[in-house]
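Chemist: Okay, here's the prediction I keep looking at, along with the sequence it came from:
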Amino acid sequence: MERLGPLAQFLRARRALVQPEAVALRRGASARRVDGLRREEVALLAGISTDYYLKLEQGRELHPSTTVLDGIGRALALEPHLLLHLHRLARPPLAPAPRTDGAVSPTLLGLIRSMPGVPCHVLTRRLDLVYVDPLAERLSRAFRVGGNLVAMVFRPEAPRTAAWHVDARRAVAYLRASVDPHDDGPEIARLLDELRALDPEFEVLWELHESGVPNGAPTFFAHPEVGTMELRYQAFGLPGTGGQSLGMYVPAPGGPSAERLQLLAQLVDDESLLGDRGAPRKPGATTSR
């Protein structure tokens, strides 16, 4: 059986999540045999024929127009970031994205070092960490070069709390937004297999086909030295790097989290000064998230 393409997979997954009431349709008296909307209901709401929509879900039509995509977006009640992802699925790039060897440009390193009070890391398209600044290393021992931001969330020792489930869903959506949806090569396949092996919940979330960068999302760090901090994540794409992005953790100004992060930055700075003078670093310099 031929594997469905990313556009067809997305349409099937998202259709199953939309209840008729959410798009002003009457459920009717008879039992529904499908989860979510029927194909003919999506077609009606999108203003296209059922046959054409069926071709999209079966992967027999790969290039719908912008008007059709916008109509389907309305029919499936897609939020703006998911509508953008739908257009991305139907408009594959003419050439593959350039790959990066993981090197971080000196200009970017200079920028990061000019902000010693902000935890920063640099990620590849697959959300692998290729650079972590000293403050981010001190913030969480999970932030290490060679690690993966999603694998960090699904590591076995992370408590499966309600907050964890929120973080996990955001992380999986972030991965979908970052990777090329048409890339099914060995590198992305290997990463997905590793994440599935870490926790079966990854596959459940991956099959939701959610996509979005968690800009502004709160992340809580329970730090044993300075206390709990609520930091907001911001990611910035880096053109010309083959898909690298800069991730930063920023506190709300003037609050206790800002004060605690400033204290943590001072501890890192003090240890750096001691290291420059030849003193050994304190054991256990990095801490758990």
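Modeler: Ah, there it is.

Chemist: Only C-alpha atoms from now on, for both contacts and neighbour counts.
Modeler: Noted.

Chemist: Could you say which helix or strand holds Glu259?
Modeler: helix 256-276 (DSSP states H and E).

Chemist: Spatially nearest residue to Ala43, not counting backbone neighbours?
Modeler: Nearest residue to Ala43, sequence neighbours excluded (C-alpha to C-alpha, 6 or more residues apart in numbering): Thr50, at 5.2 Å.

Chemist: that older thread, packing partners for the helix holding Glu259?
Modeler: helix 134-139, strand 227-237, strand 245-251 (3 or more C-alpha pairs under 8 Å, 6 or more residues apart in numbering; DSSP states H and E).

Chemist: again, only using 10 Å
Modeler: Applying 3 or more C-alpha pairs under 10 Å, 6 or more residues apart in numbering; DSSP states H and E, one finds that helix 256-276 contacts helix 134-139, strand 218-223, strand 227-237, strand 245-251.

Chemist: follow-up on the earlier one: OK, contacts around the residue nearest to Ala43?
Modeler: Arg38, Arg39, Glu40, Glu41, Val42, Ala43, Leu44, Leu56 (C-alpha atoms under 10 Å, 6 or more residues apart in numbering).

Chemist: That one and Val18, how far apart?
Modeler: Distance of Thr50 to Val18, given as C-alpha to C-alpha, to the nearest Å: 17 Å.

Chemist: coming back round to it: figure out which of the helices and strands packed on helix 256-276 is closest to Ala168.
Modeler: strand 218-223 (11.4 Å; C-alpha to C-alpha).

Chemist: Run through the neighbouring helices and strands of the closest one.
Modeler: helix 134-139, helix 162-178, strand 227-237, strand 245-251, helix 256-276.

Chemist: for the ones you listed, which one sits closest to Glu207?
Modeler: Nearest of the helices and strands packed on strand 218-223 (C-alpha to C-alpha): helix 162-178, 9.8 Å.

Chemist: how about the closest one: buried residues?
Modeler: By neighbour count on 16 or more other C-alpha atoms under 10 Å, the buried set for helix 162-178 is 165, 167-178.

Chemist: Equivalent analysis for stretch 109-118, please.
Modeler: Those would be Ile112, Pro116, Gly117, Val118, for stretch 109-118 by 16+ other C-alpha under 10 Å.

Chemist: Would you reformat those as a markdown table and include distance to Leu264?
Modeler: Shown next, in a markdown table, are these (distance: C-alpha to C-alpha, whole Å):
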| residue | distance to Leu264 |
| --- | --- |
| Ile112 | 17 |
| Pro116 | 11 |
| Gly117 | 9 |
| Val118 | 10 |
